[in-house]
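Novice: whatever this is, show me its structure:
(chains A and B, ligands or ions: 2)
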Amino acid sequence: MQTNPASYLGRNRPEPRYSNDRLFWGAVLGVLAGGLGYAALRTSQGRNSVTDRPPDSAPGRTARRSRFGRYAVVGRTVTIAKPRSEVYAFWRDRSNLASFMQNVRSVEETGGLNHWTIEGPAGTEVYLETRMVEDRPDEMISWQSTDASDIETQGKVLFRDAPGDRGTEMEAIIAYVPPMGTLGRWVAKTFQAEPRMQGRRELKRLKMLMETGEIATSALRNSPS
Amino acid sequence: MRALTWHGKHDVRVDTVPDPEIINPRDAILEVTSTAICGSDLHLYDGVIPGMMSGDILGHEFMGRVVETGSKSTLKKGQRVVVPFTISCGACFFCQKQLYSACDNSNPVPNQDVTENLYGHAISALFGYSHLTGGYPGGQAEYVRVPFSDVGPIVIPDGMEDDEVLFLSDILPTGWMAAENADIEEGDTVAVWGCGPVGLFAIQSALAMGAARVIAIDEYPNRLELARTLGADVIDFKQTRVLDALMDMSGGLGPDAVIDAVGMEAHGFGVDTMLDNVKQNIGMGADSAHALREAIMAVRKAGRISIPGVYGGFLDKFPLGALMEKGVQVKTGQTHVQRYLDDLLRRIGDGELDTTFLISHRLPLEEAPKGYKNFRYNQDDWTKVVLKPGTAAN
Ligand SMILES: [Zn+2]
Ligand SMILES: [Zn+2]
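Specialist: Ligands and ions are numbered 1, 2, ... in the order given. Model prediction:
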């Protein structure tokens, strides 16, 4: 999961523009959440740009297509050897997020909004403001950015019991509108080329933290001597 | 501190580097008292393993005295411990199934990308090896930082010498697991390619598990003699046609189980080896694997193949047909060291397993480069080199 596509954006960017894509995105999230939405999206969009293929069981974000309207979608499922309630509670406490999201400096909560300070490229800072869309304890949390944000993004995490007492399957899905301009092209190149690689790092750190109490490092020392 | 560092193909040096520090709560710092050079260190020495960086501290077979502990370490200062070469968290799905070398949480996240793309899954971390396996500074040094010190290290009772227990770190459990992976049954004939340290321990383990006959294959007379001392019959592949000999020596049936304790860089006379060498010199790609192909050809129908030897890339001319049509079972993998430590420590204590017989040289850390060179080029005499960081150079 790349929770912060914004981290690739500069501060001085035009405000993201809302559009009818919202409607489409709603459908995507519905599909990603599983359930009836699958067939609808598959029928209308097709996994292989071939509209008459019957739908399969895979999550929508694993489709060969990488764009859903204006949105790029990344996501990843990870199994964490901890009970669902524990994983949910850890995620729900926003102050924990900066501990495993590498580029996130801080997340503060005021007036029902989350304020994310994110490290951008070349020392820049990116601001993201999100509001909770849905919060179903031990099952799902979803959010979306407000107009005050530098980037337009929506996302959700889903929590399921893993089979065979393996703990919790946590699925994170992030959609964002890729930025324009030179930076945008760079983002498109690095982020789109290897969305799986970009997407998986944060969840691996979360898994390490929850399962072992620490995040693995091969450093010799805390600080360079 | 002083440490053996890698700088490129056939270029290792003892440098002064910063001392390690406790970083995570479960860490411990050891003062290293003994550390060995391993056959797989020679893959680094030969520059055939990708993901190395100049200045990397080598060494994955080491033991020492605990000098510092993190808040969550279960070790105590002053304890003598042997450390498994595989780094394992003890908590993930794999560690809980005792598949320690498949640990999900020991390889730092950025280091996982390469093998996740190369192998489909990110591999676990090892000490003193490539950055593909974490790039953890190794134990051929005066001090070493040991992560997850509450899971890996085994405390050594007073009265047991370093040299008796040092090989619990890798080659003894690796040889043992190699024999276990061959699913040996009473009365089996087992063929072992490679009489390096892992091969020798595999021979000893196979006999301990009930093999009626172990046949060891190598070219170095001294190594073959060590195998013979352990109770194996031996084949010198420079003077004998190996496949013919194995068929005859197993009553025309073929060995029930075969163990490839050579890994890549196997040197035979076959055309396949020469082809492999050409490809290996071009970069990461085709592994040199004459021994493995020969082992697959030799094993009896419905037999078992165990591969403790290290491979990293791809293999040309792989006899997949022989594997399938003969119905052969293959088991391989890095060693789940932690799984075997208690049992093997007991067997050493009871005198069931001899661990010191293969040590040919003991050197101060400062002479480590000499150890590498001779272990590489004088394999017949230099069967195993143990470095003693606490002792002064001559
Ligand atoms: Zn080794
Ligand atoms: Zn683990």
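
Novice: list the buried residues in stretch A:214-225.
Specialist: Neighbour-count burial for stretch A:214-225, counted by 16 or more other Cβ atoms under 10 Å in any protein chain shown, picks out A:E214, A:I215, A:A216, A:T217, A:S218, A:A219, A:L220. In this view, the C-beta of every residue, glycine as well, is placed from N, C-alpha and C.

Novice: that one close to chain B?
Specialist: Yes. Against chain B, stretch A:214-225 shows contacts by Cβ under 8 Å from any Cβ of the partner chain at A:E214, A:I215, A:A216, A:T217, A:S218, A:A219, A:L220, A:R221, A:N222, A:S225.

Novice: isn't A:S142 right up against A:G155?
Specialist: Yes. Under the criterion of Cβ atoms under 8 Å, A:S142 makes contact with A:G155 at 6.8 Å.

Novice: who has more neighbours, those two?
Specialist: When A:S142 and A:G155 are compared on other Cβ atoms under 10 Å in any protein chain shown, the one with more neighbours turns out to be A:G155, at 25 against 18.

Novice: who does the more buried one bridge with?
Specialist: The residues paired with A:G155 through beta bridges, assigned by DSSP bridges, are A:W143, A:I174.

Novice: one more: B:R362?
Specialist: When assigned by DSSP bridges, B:R362 has beta-bridge partners B:V386.

Novice: if we can go back for a sec, of the residues of stretch A:214-225 next to chain B, which is the nearest to B:D27?
Specialist: Using Cβ to Cβ, A:E214 is the member of those that lies nearest B:D27, at 8.7 Å.

Novice: could you double-check that that closest one sits in contact with B:P25?
Specialist: Yes. In this structure, A:E214 sits in contact with B:P25. The criterion is Cβ under 8 Å, and the distance is 6.0 Å.

Novice: mind telling me what element B:Q338 is part of?
Specialist: Of the helices and strands defined by DSSP states H and E, B:Q338 is found in helix B:337-349.

Novice: that helix close to ligand 1?
Specialist: No. Counting by Cβ under 5 Å from the ion, ligand 1 has no neighbours in helix B:337-349; the shortest distance is 10.2 Å.

Novice: quick check, the residue in chain A closest to ligand 1?
Specialist: In chain A, the residue found nearest to ligand 1 is A:S218; the distance is 17.9 Å by Cβ to the ion.

Novice: distance of that residue relative to ligand 2?
Specialist: Using Cβ to the ion, to the nearest Å, A:S218 is found at 15 Å from ligand 2.

Novice: then A:R76?
Specialist: As for A:R76, its distance to ligand 2 is 19 Å (criterion: Cβ to the ion).

Novice: and for A:R64?
Specialist: For A:R64, the distance to ligand 2 under the criterion Cβ to the ion works out to 33 Å.

Novice: same thing with B:D27?
Specialist: Taken as Cβ to the ion, the span from B:D27 to ligand 2 is 16 Å.

Novice: which one is that residue nearest to, not counting chain neighbours?
Specialist: B:G70 (4.2 Å; Cβ to Cβ, 6 or more residues apart in numbering or on different chains).

Novice: list the contacts for that neighbour?
Specialist: For B:G70, the contacting residues are B:I22, B:N24, B:P25, B:R26, B:D27, B:A28, B:S149, by Cβ atoms under 8 Å, 6 or more residues apart in numbering or on different chains.

Novice: how about B:I235?
Specialist: Applying Cβ under 8 Å, 6+ apart, one finds that B:I235 lies in contact with B:I215, B:A216, B:I217, B:D218, B:V242, B:A245, B:L246.

Novice: need those in TSV (columns: secondary structure).
Specialist: Below are the contacts of B:I235 laid out as TSV (DSSP: H, G, I helix; E, B strand; the rest coil):
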residue	secondary structure
B:I215	strand
B:A216	strand
B:I217	strand
B:D218	strand
B:V242	helix
B:A245	helix
B:L246	helix
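
Novice: what about dumping the CA coordinates of the helix holding B:Q338 to PDB?
Specialist: Output for helix B:337-349, consisting of C-alpha atoms alone and laid out as PDB, is shown next (Å, rounded to 0.1, in the frame of the first residue of the first chain):
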ATOM      1  CA  VAL B 337      18.700 -23.400  12.500                       C
ATOM      2  CA  GLN B 338      16.800 -22.600  15.600                       C
ATOM      3  CA  ARG B 339      14.700 -25.800  15.200                       C
ATOM      4  CA  TYR B 340      17.800 -28.000  15.700                       C
ATOM      5  CA  LEU B 341      19.900 -26.200  18.300                       C
ATOM      6  CA  ASP B 342      18.800 -27.900  21.500                       C
ATOM      7  CA  ASP B 343      18.900 -31.400  20.100                       C
ATOM      8  CA  LEU B 344      22.300 -30.900  18.400                       C
ATOM      9  CA  LEU B 345      23.800 -29.300  21.500                       C
ATOM     10  CA  ARG B 346      22.800 -32.300  23.500                       C
ATOM     11  CA  ARG B 347      24.300 -34.700  20.900                       C
ATOM     12  CA  ILE B 348      27.600 -32.800  21.000                       C
ATOM     13  CA  GLY B 349      27.600 -32.900  24.800                       C
END
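
Novice: give me the helices and strands touching the strand ranked longest in chain A, please.
Specialist: For chain A, the strand reaching the highest residue count under DSSP state E is reported as strand A:125-136. Packed against strand A:125-136, as judged by 3 or more Cβ pairs under 8 Å, 6 or more residues apart in numbering or on different chains; DSSP states H and E, are the following elements: strand A:113-119, strand A:140-145, strand A:153-161.

Novice: CA atoms only: put it into CSV for me.
Specialist: The C-alpha coordinates for strand A:125-136 follow below in CSV (Å, rounded to 0.1, in the frame of the first residue of the first chain):
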residue,chain,number,x,y,z
GLU,A,125,6.2,19.1,2.6
VAL,A,126,2.8,17.8,1.5
TYR,A,127,-0.4,18.4,3.4
LEU,A,128,-3.2,16.0,3.4
GLU,A,129,-6.5,16.4,5.2
THR,A,130,-8.9,13.5,5.3
ARG,A,131,-12.3,12.8,6.8
MET,A,132,-13.6,9.4,7.8
VAL,A,133,-16.2,8.1,5.5
GLU,A,134,-17.1,4.9,7.3
ASP,A,135,-15.9,3.2,10.5
ARG,A,136,-17.1,-0.3,11.2
